[in-house]
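**Student:** Quick one, what's the 3D model for this:
(one chain, ligands or ions: 1)
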Amino acid sequence: MDAFRITGGTRLNGRIRVDGSKNAALPEMAAALMAKGPVQLRGLPALSDIDNMARLMAELGCQIERDGQDLRMVTSDDGSWHARYDIVRTMRASICVLGPLLARYGQARVAMPGGCAIGDRPVDLHLRGLEALGARIELDGGDIIARADRLRGNTVFLGGPFGSTVLGTANVMCAATLAEGVTVIESAACEPEISDLAVMLNSMGASITGAGTPRITIRGCTELSGCDHRVMPDRIVAGTLAIASAITNGDVTLEDFPLDHLLAVVDRLQATGVRVQRLDELEPPGRCTIKVTSERRLKPVLFTTQPYPGFPTDLQAQMMTLLCFADGNSIVTEKIFPDRFLHVSELTRMGAQLYRQGGTVVVQGVNRLVGAPVMASDLRGSASLVLAGLAAEGTTTVSRIYHLDRGYKDLELQLNSLGADIERFNADAEDTAETPKTESTRTSSAT
Ligand code: EPZ
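**Tutor:** Sure thing, here's the model as predicted:
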């Protein structure tokens, strides 16, 4: 398994472009299953999650042609509607094919995704929404089996104990586009990825209004055509790169930065003393050029993760790492996935002073972190360990980098182009050479 060897202490400097959004691309690939014509998706990031989704789509009978960062997909009427467990378990986001399959074929069999390293990942809201549209749902051998002779529009409340559901909203919105009549989704996810999906679906002939707000209205139609859609920039990768500049007291310019989708994050960064400067006021705020620099010493802040437009849970670990260097105590509260703190013990190994009480962590600022061997356990936690290694004294090795590769394309190459010193190596080969294998006590699974 690959690992990173990071030599810390370099201040990042330079210019980099933000890639297309993984979390927009995955439901948009799934939506292509409903199209009667070819779907062209542009600007897709080269990530293992995208590869896994392409593998699943091919298994469902979709003809896929890849050209660099562009994907052309054609789905026929005689495709498969069974998403098997051995693919779904590698990427729980596969659940987003459920709505499109049901809408296209009137039936779907999708393995229950199960939990992951950041917590339980129930899909009860997905099923509630599809049942409201007339689907008959049963569970058999770990699979969700959904059937509907004809989906019918309805009003459905999709809020849960932790707020709205992003992929649940995507599933219900997709299914509703081919339902008979009007569907209103109340307490819909407002995330930009849902808005981007709605733009794509409307370009296929759907009639969706209100995407990006808690109430989405979908007027069903009988058929969806193909389309040509460019995926929005990845706001989580963008936020991670901004924090990489800040944590190294660097000076980095980011292109295609979705400033409009990161106002909560920029608000907290600026509160610590990080400067986020927009360089071209004429560019659209969804794809603009910004420069990130920071004071030598940062101020402590409080933040709580919330559904959009609040502070995104996917940047909680990265922001916590930055706050390890603040002058004073910061408080981080995780409201979406209250157990999303596997990075806390690893940061502590590097000298961070973190005190967890349930869903809240007090971050006591320290003068330095010291490089150490640490282990990645989930996608965004692994990004926070890389950030820590950039700013730590000495060398940090981050193992199980396959977690990182799910959501960040060649992150070491991107950061090295800004002056970082990160080497990717095969930890198994080095382990075999140097020390006897020790059985890891941690299990890891896809988030
Ligand atoms: C999406 O996951 C993202 N993944 C996650 O990013 C992100 O953390 C999450 O939204 C929250 O923003 C993709 O888009 C592929 P949810 P999703 O349904 O849709 C509870 C990353 O790092 N819930 O919005 O699966 C759930 O337990 C990944 O890129 C129910 O209770 O998340 C959680 O507490 C990690 N019942 C909250 O809602 C349900 O039926 C939000 O989950 C569904 C969810």
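**Student:** For Thr209, see how far away the closest residue to Gly210 other than its chain neighbours is.
**Tutor:** Nearest residue to Gly210, sequence neighbours excluded (C-beta to C-beta, 6 or more residues apart in numbering): Ile216, at 4.4 Å. Just so you know, the C-beta spots here come from the backbone N, C-alpha and C atoms, and that holds for glycine as well. Going from Ile216 to Thr209 by C-beta to C-beta, to the nearest Å gives 7 Å.
**Student:** which secondary structure element contains Leu44?
**Tutor:** Following DSSP states H and E, there is no helix or strand that holds Leu44.
**Student:** my guess is it contacts Asp67, does it?
**Tutor:** No - Leu44 lies out of contact with Asp67 (C-beta atoms under 8 Å); the separation is 10.3 Å.
**Student:** Near the ligand, which residues of this protein are found?
**Tutor:** Counting by C-beta under 6 Å from any ligand atom, the residues of the chain close to the ligand are 23, 26, 93, 120-126, 160-162, 165-168, 189, 313-314, 336-337, 379-380, 407, 447.
**Student:** related to what we said a few turns ago, of Leu44 and Asp67, give the one with the bigger neighbour count.
**Tutor:** Leu44 (26 against 9; other C-beta atoms under 10 Å).
**Student:** so who does that one touch?
**Tutor:** Neighbouring residues of Leu44 by C-beta atoms under 8 Å, 6 or more residues apart in numbering: Gly20, Ala25, Ile50, Gln69, Asp70, Leu71, Val231.
**Student:** Phi and psi next, for it.
**Tutor:** Taking degrees, to the nearest 10, you get phi -80, psi 140 for the backbone angles of Leu44.
**Student:** And for Gly394?
**Tutor:** phi 90, psi -160.
**Student:** oh, and call the first residue 552 from now on, that's how I've got it
**Tutor:** OK, 552 is where the count begins now, so the last one is Gly945.
**Student:** Would you mind measuring from it to Val921?
**Tutor:** Going from Gly945 to Val921 by C-beta to C-beta gives 6 Å.
**Student:** ok, Ile787 touching Asp865?
**Tutor:** Yes - shown here, Ile787 and Asp865 form a contact pair, counting by C-beta under 8 Å, at 4.5 Å.
**Student:** Which helix or strand contains Asn574?
**Tutor:** Going by DSSP H and E, Asn574 is part of helix 573-582.
**Student:** which other residues reach the helix or strand that that helix is followed by?
**Tutor:** Following helix 573-582 in sequence order, the next helix or strand is strand 590-593 (DSSP H and E). Under the criterion C-beta under 8 Å, 6+ apart, residues 571, 576, 579-580, 582-583, 620-625, 755, 777-782 lie in contact with strand 590-593.
**Student:** Which ones among these map onto helices?
**Tutor:** Ala576, Glu579, Met580, Ala582 (DSSP state H).
**Student:** Which of those residues sits closest to Met871?
**Tutor:** Ala576 (26.6 Å; C-beta to C-beta).
**Student:** what mean pLDDT does stretch 626-641 have?
**Tutor:** Averaging pLDDT along stretch 626-641 yields 89.
**Student:** Please consider this matter closed, and thank you.
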